[in-house]
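Novice: What follows is a predicted protein model with its sequence.
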Number of protein chains: 2
Amino acid sequence: MSRQGRVRRRPPTLQDVARLAGVSTAVVSYVINDGPRGVAPATRERVLDAIETLGYRPNSSARALRRGATHLIGVLLPDIVNPFHAEFVAALDNAAAARQYSILLATTHHDPEREYSMLANLLDRGIDGLLILTYLYDRRSYTAAADRVPRVMIDESSMGRLSPLVGPDLRQGAELAASHLIGHGHTRIGFVTGALPGGSVDFRRIGWESVLGGHGLTASLVETTEWSRAGGYEGARRLLDRADPPTAIFAGSDLIAVGVLQALHERGLDCPGDIAVISFDGTTESQFSWPPLTTVRHPFEAISTAAVDTLISGDTDVEPRILPMELIVRQSCGCPPSGDGSAREGT
Amino acid sequence: MSRQGRVRRRPPTLQDVARLAGVSTAVVSYVINDGPRGVAPATRERVLDAIETLGYRPNSSARALRRGATHLIGVLLPDIVNPFHAEFVAALDNAAAARQYSILLATTHHDPEREYSMLANLLDRGIDGLLILTYLYDRRSYTAAADRVPRVMIDESSMGRLSPLVGPDLRQGAELAASHLIGHGHTRIGFVTGALPGGSVDFRRIGWESVLGGHGLTASLVETTEWSRAGGYEGARRLLDRADPPTAIFAGSDLIAVGVLQALHERGLDCPGDIAVISFDGTTESQFSWPPLTTVRHPFEAISTAAVDTLISGDTDVEPRILPMELIVRQSCGCPPSGDGSAREGT
DNA sequence: TTGTATGCGTTATCAA
DNA sequence: TTGATAACGCATACAA
């Protein structure tokens, strides 16, 4: 009945290699780690051969114990199903893998209790560094990691002072969006965005307000909702029900924008004809909605490599690095289709 | 300039706890692990106190080394950005976390080279079990894990014989979709799906063909493409360009379906009026397309808990478990809107 | 250039 | 019920 093949044998150890090569374990270690002592070419050859024939692989638990480092990076985030976070995780994973680190996920689902326990779990696992990709809801979370592990927070919105920080320039991104809509001649521009925990500032909103203000427009058409498609749907409906509905909507995230579009479709409103939409994030999903969404894209890769590098260097005593976002013009804003608005994708 | 707070101190060890409690390390270990020896209530109390005051947490590298188990589960998958995989990872992570396991991701991007090296990396990390959530492209991958670690493959399509297997009943799911479309009176039903590596069988196609055949219809309107939105877009265009275009399309995945919808919109075709669509997967994205997609949903949670349990039990010498899929009716199939077709979401 | 020997923090055996 | 102690596999200080 056994479908699973042979018996599991004990994997070979340094000892085994040393024995076969006729050297001490120290020498094998020197060969594997290129130091800290040199090895005669001939011996090195023998050791390499032994490693090869035995199929030796270093035991990473033993290494971690001895070196006091796991080469594991913890990532604290709300929810991997959210494409925005998924995109970040992918980029972070790439950046980490390129440096021989692996990533350990901890999802909070915006639940303070879970946030704290998942963080504790990460710490218990002996992560070498922590990447925070969420607003923190539990005060204890701020201090829990503090003295244990270097950490980097990817976001400029919340209490950035507490952590070294690498992140998108949300304000500049929002300004890009608002300016573009104004360039299309809109004067009643709505904003549908998600709620933030108390005390946090949404720089998207600040950017949007400042541009509108700069053009003598009042920034009153705001709906705060969930950070989800359903939230966007609801927020848009409320906006459309106002006495002075907007002619353009700036959505705080791609997910929200998708919900906004559904609300428009449902009311038989044409986008961008009746109402223009600009989105925020730049996930692939925004490209395949109907119409394809004009959006402001996070510099996922740049942020991720910067964050991982900061973490690995261990030198988190560093100036905040806020990286610029980029406007991606597609069709929901009212720009003429350029012919390549669709049918391209990452993979 | 120091933003990072105090100095990092050496975390307390078993020794420290033992010293403070005035017992041996063995006793502390007995307390922590509830065995294998008993401890007098009074002593246990003292130990617990010491643990509390020192804030002691077991070092997991040392544990892993000593116990020969990491409580880590490796997941091999193509790409976390794909919402289908993201949904699975979320469910797997939940199932694992509930059992005190963590998940280590390894993304292959469908690249055989990367597939093999990521798998090796997982194995090097000492994972206790392997979950395979992809078609394997590198023959070595099949054997690499074989004798090292229990593994479970989540898919019934490929060489299931090589691994214990837990997965969705793709064939039954496809039959659900095809039957439903036929129920709407369609006779020219197209199928847009992704390509599989050589030797693999797509049970979706088998299900679709069998239902069509059972109704005396020929199953010739097939387009094989990429497993992506862009692929769906292309596949649909090719299908529409045929001499006998379909009046209904069955999409092999939600991503493909979204691309199909975009192709329809672009040609000014109404869905479901001109062409009905049924999708496959049941990710949240399918709910917020326009129109909301009727889709066949994977039993993500059931599969995930079954897979994780099988892995942890270590008894992978078990019959394949194929779990049924479920039809979720929304609007793209031509069914009348039921009023709740939109505006609901997981989170 | 190589070998010996110690300790990283746990667990669990064996003796007391 | 408790304590001493020997591994687990590796990295390195120190000696040769």
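Specialist: Perfect, thanks for sending it.
Novice: So which residues of the stretch 101-250 of chain A form helices?
Specialist: With DSSP state H, counting those that start in this stretch as the criterion, the stretch 101-250 of chain A has helices at A:112-124, A:139-144, A:170-183, A:203-214, A:229-240.
Novice: what's the least confident stretch among these?
Specialist: The minimum mean pLDDT among these belongs to helix A:139-144 (a mean of 78).
Novice: For DNA strand C, what's its nearest residue on the stretch 51-200 of chain A.
Specialist: Closest contact between the stretch 51-200 of chain A and DNA strand C, by Cβ to the nearest atom of the strand, is at A:Arg66 (3.8 Å). Glycine gets a C-beta too; all of them are placed from N, C-alpha and C.
Novice: on that earlier part again, redo the helices of the stretch 101-250 of chain A as a markdown table? Include mean neighbour count and distance to DNA strand D.
Specialist: As requested, the helices of the stretch 101-250 of chain A are exported to a markdown table (neighbours: other Cβ atoms under 10 Å in any protein chain shown; distance: least, Cβ to the nearest atom of the strand, whole Å):
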| stretch | mean neighbour count | distance to DNA strand D |
| --- | --- | --- |
| helix A:112-124 | 18 | 18 |
| helix A:139-144 | 15 | 27 |
| helix A:170-183 | 22 | 42 |
| helix A:203-214 | 20 | 43 |
| helix A:229-240 | 25 | 47 |
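Novice: May I see the ones you listed arranged in JSON lines, with distance to B:His215 as well?
Specialist: Formatted as JSON lines, these follow (distance: least, Cβ to Cβ, whole Å):
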{"stretch": "helix A:112-124", "distance to B:His215": "49"}
{"stretch": "helix A:139-144", "distance to B:His215": "58"}
{"stretch": "helix A:170-183", "distance to B:His215": "51"}
{"stretch": "helix A:203-214", "distance to B:His215": "53"}
{"stretch": "helix A:229-240", "distance to B:His215": "36"}
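Novice: among these, which is nearest B:Pro12?
Specialist: The minimum distance between B:Pro12 and these falls on helix A:112-124, with 13.2 Å, by Cβ to Cβ.
Novice: wait, does the closest one contact chain B?
Specialist: Yes. Shown here: helix A:112-124 in contact with chain B (Cβ under 8 Å from any Cβ of the partner chain) through A:118, A:121, A:123-124.
Novice: residues touching A:Pro78, list them.
Specialist: Contact analysis of A:Pro78 by Cβ atoms under 8 Å, 6 or more residues apart in numbering or on different chains lists A:85, A:107-110, A:133-134.
Novice: Got phi/psi on it?
Specialist: Phi and psi for A:Pro78, reported as degrees, to the nearest 10, are phi -70, psi -40.
Novice: Which pLDDT does the model give it?
Specialist: pLDDT at A:Pro78 comes out at 94.
Novice: which outside residues touch stretch A:103-114?
Specialist: Applying Cβ under 8 Å, 6+ apart, the set of residues contacting stretch A:103-114 from outside is A:72-80, A:89, A:92-93, A:96, A:115, A:118-119, A:121-122, A:125, A:127, A:134, A:137-138, B:90, B:93, B:102-105, B:347.
Novice: what's the straight distance from one end of that stretch to the other?
Specialist: Distance across stretch A:103-114, first residue to last, is 19 Å (Cα to Cα, to the nearest Å).
Novice: same thing with stretch A:232-251?
Specialist: OK, stretch A:232-251 end separation, Cα to Cα: 8 Å.
Novice: repeat for stretch A:187-200
Specialist: 28 Å.
Novice: hmm, that stretch touching chain B?
Specialist: No. Using Cβ under 8 Å from any Cβ, stretch A:187-200 never reaches chain B; the gap is at least 11.2 Å.
Novice: Wait, A:Ala236 touches A:Arg267, no?
Specialist: No. Using Cβ atoms under 8 Å, A:Ala236 is not in contact with A:Arg267; the gap is 9.0 Å.
Novice: what sits in contact with each of these two?
Specialist: In contact with both A:Ala236 and A:Arg267: no residue, using Cβ under 8 Å, 6+ apart.
Novice: Can you report how many residues lie near the residue of the stretch 51-200 of chain A closest to DNA strand C?
Specialist: Other residues lying near A:Arg66 total 11 when counted by other Cβ atoms under 10 Å in any protein chain shown.
Novice: With A:Leu54 instead?
Specialist: Residues near A:Leu54, counting by other Cβ under 10 Å: 16.
Novice: Please report how far it lies from chain B.
Specialist: In this view, A:Leu54 and chain B are 14 Å apart by Cβ to the nearest Cβ, to the nearest Å.
Novice: what's near enough to touch that residue?
Specialist: Contacts of A:Leu54 by Cβ under 8 Å, 6+ apart are A:12, A:16-17, A:20.
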